[in-house]
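Visitor: the sequence and its predicted three-dimensional model are supplied below.
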Amino acid sequence: MSIDVIIEAPEWEGEGLEALAARAEAATLRHLGLDPAAYETALLGCDDSRIAALNGDFRDKPAPTNVLSWPAEERAPDTPGARPEPPEPGELGDIALAWETCAREAAAAGRPVADHVTHLIVHGMLHLMGFDHETGPDAAVMEDLEVEILASLGLPDPY
C-alpha cells in the first residue's frame with residue numbers, strides 16, 4: 001500500500017498521521033478482502049481554513065468539516081444499501097482531514113484524537129471505495145463496516 005501523506009497544518013506533526021493512516025487504510029482494505037499492497041491513496045492533513053475552501057470548491061459548502069474524500073473513480077452502486085463492486089488495484093483517491101475540527105470533535109466525544117482520526121480515515125477510505133451514507137440503507141451498511149473495522153483495531157464503536 002502506498003500512502004502519500006501531505007501535512008499542511010503543523011498540529012498534525014505530533015499525531016503520527018502517517019502511522020494512523022497506514023494502520024486504518026490497511027485494516028479497511030483487509031476487512032473488505034482486498035490486498036493493501038495493491039492500492040494507493042493520498043492523505044492531506046490540513047486546517048479548518050483549508051478544508052473549508054476545499055469544501056466550498058468541491059461541494060459548494062464553504063464551511064469546515066472533519067473529512068473530505070475524492071474517489072479516483074465513481075464506484076457507488078445504483079441500489080440503496082448495496083455494496084459497491086471492489087475496486088481494481090491502483091489509485092483509490094484522496095482524503096483530507098481538518099485538524100481543528102478533528103481535535104474539537106474528539107474532545108467533545110471524550111476520545112483520543114488518534115482514535116477519532118482513525119475512524120475518519122476508515123470513513124474516508126470507505127467513501128473512496130464507493131460506500132456512502134446519503135440514504136438510510138447506505139448509512140447502515142457504511143456504519144456497520146466502520147464499527148467492524150474499528151473493532152478489528154481494538155477501537156470502540158464511535159456511534
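Guide: Perfect, I can see it now.
Visitor: SS state for the residue positioned nearest the centre of the chain?
Guide: By C-alpha atoms, centre = their mean, the chain has its centre lying nearest to residue 124, at 2.0 Å. The local conformation at residue 124, judged by DSSP: H, G, I helix; E, B strand; the rest coil, is helix.
Visitor: need the nearest residue in space to it, chain neighbours excluded.
Guide: Nearest non-adjacent residue to residue 124, counting by C-beta to C-beta, 6 or more residues apart in numbering: residue 95, 3.8 Å away. (C-beta placed from N, C-alpha, C; glycine too.)
Visitor: repeat that for residue 157.
Guide: Nearest to residue 157 is residue 147, by C-beta to C-beta, 6+ apart, at 5.0 Å.
Visitor: same thing with residue 7?
Guide: Spatial nearest neighbour of residue 7, chain neighbours left out: residue 45 (4.4 Å); criterion: C-beta to C-beta, 6+ apart.
Visitor: and the one you found, that's in a helix?
Guide: No: per three-state DSSP, residue 45 lies outside any helix segment and is strand.
Visitor: that older thread, any figure for the gap between the residue nearest to the centre of the chain and residue 72?
Guide: According to C-beta to C-beta, to the nearest Å, residue 124 and residue 72 sit 13 Å apart.
Visitor: picking that back up, contacting residues for the residue nearest to residue 124?
Guide: Residues in contact with residue 95 (C-beta atoms under 8 Å, 6 or more residues apart in numbering) are 41-44, 67-70, 121, 124-125, 127-128.
Visitor: again, but for residue 36
Guide: Residue 36 touches 1, 25-26, 29-30, counting by C-beta under 8 Å, 6+ apart.
Visitor: and the pLDDT at the residue lying farthest from the centre of the chain?
Guide: Outermost residue of the chain with respect to the C-alpha centroid, by C-alpha atoms, centre = their mean, is residue 79; its distance is 22.4 Å. Residue 79 is assigned 92 on the pLDDT scale.
Visitor: also residue 1?
Guide: 78.
Visitor: just the one 10 residues further on next, same as before
Guide: Note on residue 11: pLDDT of 96.
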